[in-house]
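1. A predicted structure for the sequence below; I have some questions about it.
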Amino acid sequence: MSLPATPIAARTAIDTLRRIETPEGADIALRLAGPVPRAAAFALDALLRLGAYLLLTPLIAASELGLGLLLLMLFAIEWLYPVLFEISRGATPGKLALGLRVVHDDATPVAGPASLLRNLLRVVDFLPLFYAAGLVCTLIDRDFRRLGDLAAGTLVVYADPPPRRASIPQRPPRRPPRPLDAETQRAILDFAERSNRLGPQRSAELAELIADDPHAGGGAALEQVLGMANWAARGR
Amino acid sequence: MELERIAAKLRPRTGWESIDLGFALARRWFLPLWALWWITAAPTGIAALIWLHDHAFLWLLLIWWLKPMFEATLLFWLSRALFGECLSPSRALEQFGRAFPRRLWPQILWRRIGFTRCLSMPATLLENLHGSARRRRLAVLEGQGLASWLTLICAHLEAVLWIGAPLTLVLLIPGALPGFDAGELLLEQFGPDAGEAPGVWLGIAVMLLAMSVIAPFYVAAGFALYLGRRTELEAWDLELVFRRVASAERAAPTAPRRAARGSRTPVLVLACAIGLGASGDTASADGGAPTDPTAPDEARAIITEVLAHGDFGATRTESVWVYVGGDNEDGEQPDDTAPPRLPSDWIVAIATALKWSLAAGAAAVMLILLQGLRQGRAALPRLGRGKRSGAGLCTETPTRTVTSPPQSHCEPMPAAAARLLAAGDTRGALALMYRTRIESLHAAGLPLRPSATEAECLAAAAALAQPAEHDWLARVVALRQAVAYAHAPVERTAVEALIATATTLPQEPVVLSKGPAA
């Protein structure tokens, strides 16, 4: 078997993002969720539903009326549980616990028709047993969609955590020796935020790569880069 | 390891996201990985058959036990492919055979039982750690502890495929096929005398297939967990950006020179010379044995010598177009091609007249505008969309400016309204009541913008008016809106009642903004 000889780096980097451009021209990236977290979320939901069924079983004692009610409730829980939670909360409790959301493939929150469709098609994904069809489909599809997602045009994505206020070590701002592009400035700011978690040696090693004086030692280089981060944070 | 060649996007990820990246990697390279699994697993399995062909379950147990061995090849291949080196299977096995087996023995002997194999294999095999160093490394890499979950879930995914595949076949075979009972075939492999059943090897083949399909995903997900954790611990994503910037800077001194060669401005050449001079200085400082340029003459000689080098620019001739006409304006040689001068006296006269008439016009417009401002905006000439007289719907102006018939100026309001009502002008009567009341409230200090709507006037009036008065005003507004906007018929008696109430309210003469009373 012969393998492709082209260097991989030349091709697009592998990632689990799906980029979408809104009509306003804003670029947003959805972080797609794959089969493993979705299976975990499904297991949680299955446990919750099992709990609900167990709570309902005493209805059997109330003769045939109870049995009828029980069957109706089972039907409602089995079919409407995901739909109701997806419309009201954006995802079922199991998905919410794992930080997942169901969205349309244009990144808008999922609405009634799409949610209903993707959950009705659960039956197809379930075939022949335990979601084997859905599993194969998520393994093959680029966006980890199962058949229901393909039909309804939905995606399961990670919800963005609420933004936290970032803080960087305060240093006197230091003007970079040459203009830095946006990506580099962002990387320097990231570095300043994460530098205390990286440990002093690794921070110094990284700082030496980009410090404006290449002969500065580790500590001095770190101080220089932190100063550049303060400059970038202020914009001037 | 060349970080620049990494095929996956490096960014800080959660553990779950790392697992998903692993699945994406496995999908990209599924065929080579899958083939590699079979290349190692098939010979092993066939060799084991020689002894175990009578004991199908023992054979399956052996294959299951040796799973780390097959996965190690995948891991090795993946670790090379991620950094841009797609090995062919034979070369992969060759390199693998040199490096790995010694490290692999513990994995398939005493470390086989355990849930974190996917994460510990990269640390053990790729970093070649032993003993306490390995234990400490694993404790650091463990992170969120998702490795066990990954193993557990992948085992279930494997089981789903293993059960699902034969079941699909059974579902697709027509039930009426004579002499074939699919259900029995499916079930007999689990029966008590399964070892001898013909179907058992079929079941085992399906199981192997399921293993081989999930294995690349499992290995890649574990490897991605390892990558994600190292990215987090060592900021690989930042290192990548920093390295790119640093290498761009190293390449920078040559880049402006190339630009200068193509450019037309000497400024860039100069900038290039300065840049090169600076880099030359540092280079000589690094060089270890520079000549000591203390004497000015020596230094000057060196500078001349250096500047003579081709890198510092060469002499070249450039032709540009320069405008030279401006200097000949008052020169001795007037241009022959210039147009003859026009007799200018009367042109100047016309221009002066135009100028003064323009100034006069501007002054007149200013006066008109000033007067308009002094008298309120209604006196301004309406421009553009202000034309509303033709609409017919709103012949009265909405707020406090009144263009009522002059005879009502000095009449008390209720009487005027009653007269209008008697004339059949219900709408006029209501408008008059509303306007006069708002006008008086405004005079009493009610803050109102000229653009205020009825609702805004009413809300503002609530603060200033007596409750009875406000209630009356509210009824007036309601009726007026019904008449003016909805064209709804209004009971004449209701208007009369309002007029009667108006007489009980504090009386003011009608104060109008435009008229003798104002």
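-> Arrived safely. Numbering: from 1, shown residues only, chains lettered A, B, ... in the order given.

2. Kindly provide the distance from the residue located most distally from the centre of chain A to residue A:69.
-> Checked against the mean C-alpha position of chain A, the extreme residue using CA atoms, centre = their mean is residue A:63, at a distance of 47.5 Å. Computed as CB to CB, to the nearest Å, the residue A:63 to residue A:69 distance reads 10 Å. Any C-beta I mention is one placed from the backbone N, CA and C, and that applies to glycine too.

3. how near is the residue farthest from the centre of chain A to chain B?
-> Counting by CB to the nearest CB, to the nearest Å, the gap from residue A:63 to chain B is 36 Å.

4. just to revisit the earlier point, tell me, what's touching residue A:63 and residue A:69 both at once?
-> Between them, residue A:63 and residue A:69 share no contacting residue under CB atoms under 8 Å, 6 or more residues apart in numbering or on different chains.

5. quick one: the longest helix seen in chain A to chain centroid distance?
-> Among the elements of type helix in chain A, defined by DSSP state H, the one spanning the most residues is helix A:63-89. Centre-to-centre, helix A:63-89 and its host chain are 30 Å apart (CA atoms, centre = their mean, to the nearest Å).

6. Over it, what's the mean pLDDT, rounded is fine.
-> Helix A:63-89 comes out with an average pLDDT of 87.

7. Identify each buried residue in it, please.
-> Neighbour counts over helix A:63-89 (16 or more other CB atoms under 10 Å in any protein chain shown) mark A:70, A:77, A:81-83, A:85-87 as buried.

8. Poorly predicted segments of the chain, please.
-> Because you didn't say which chain, this covers chain A. Filtered on pLDDT under 70, chain A yields the residue ranges A:1-11, A:213-216, A:235-236.

9. not what I meant, chain B
-> Counting by pLDDT under 70, chain B contains low-confidence residues at B:1, B:99-102, B:175-199, B:252-294, B:326-343, B:376-411, B:506-518.

10. got the contact list for residue 95?
-> Defaulting to chain A. With contact set as CB under 8 Å, 6+ apart, residue A:95 has these partners: A:38, A:41, A:45, A:101-102, A:156.

11. think we crossed wires, I meant chain B
-> Counting by CB under 8 Å, 6+ apart, the residues that residue B:95 touches are B:76, B:87.

12. Tell me if I am right that it is in a strand.
-> No. Secondary structure of residue B:95, determined by DSSP: H, G, I helix; E, B strand; the rest coil: helix, with no strand assignment.

13. Roughly how far does it sit from residue B:30?
-> Here the criterion is CB to CB. By it, residue B:95 lies 21 Å from residue B:30.

14. Pull out the buried residues from stretch B:438-446.
-> B:438-442, B:446.

15. chain center to it, what's the gap?
-> From the chain centre to the centre of stretch B:438-446 is a distance of 53 Å (CA atoms, centre = their mean).

16. got the CA coordinates for that stretch in PDB?
-> Coordinates of the C-alpha atoms in stretch B:438-446 are reproduced here as PDB (Å, rounded to 0.1, in the frame of the first residue of the first chain):
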ATOM      1  CA  ILE B 438     -52.100  71.400  27.300                       C
ATOM      2  CA  GLU B 439     -51.200  75.000  26.400                       C
ATOM      3  CA  SER B 440     -52.200  76.200  29.900                       C
ATOM      4  CA  LEU B 441     -50.300  73.300  31.500                       C
ATOM      5  CA  HIS B 442     -47.300  74.200  29.400                       C
ATOM      6  CA  ALA B 443     -47.600  77.800  30.500                       C
ATOM      7  CA  ALA B 444     -47.700  76.500  34.100                       C
ATOM      8  CA  GLY B 445     -44.400  74.800  33.600                       C
ATOM      9  CA  LEU B 446     -45.100  71.400  32.000                       C
END
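
17. where do the strands sit along chain A?
-> For chain A, the strands identified by DSSP state E occupy A:17-21, A:27-31, A:100-104, A:154-158, in order along the chain.

18. Could you identify which of those is most buried?
-> With neighbours defined by mean count of other CB atoms under 10 Å in any protein chain shown, none of the strands of chain A is more surrounded on average than strand A:154-158, at a mean of 23.

19. Include distance to residue B:173 when you put the strands of chain A into TSV, please.
-> Putting these into TSV (distance: least, CB to CB, whole Å) gives the following:
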stretch	distance to residue B:173
strand A:17-21	39
strand A:27-31	41
strand A:100-104	36
strand A:154-158	34
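
20. distance of the residue in chain A that chain B sits nearest to from residue B:428?
-> The minimum distance from chain A to chain B, using CB to the nearest CB, falls at residue A:132 (2.8 Å). Spatial separation of residue A:132 from residue B:428 under the definition CB to CB is 81 Å.
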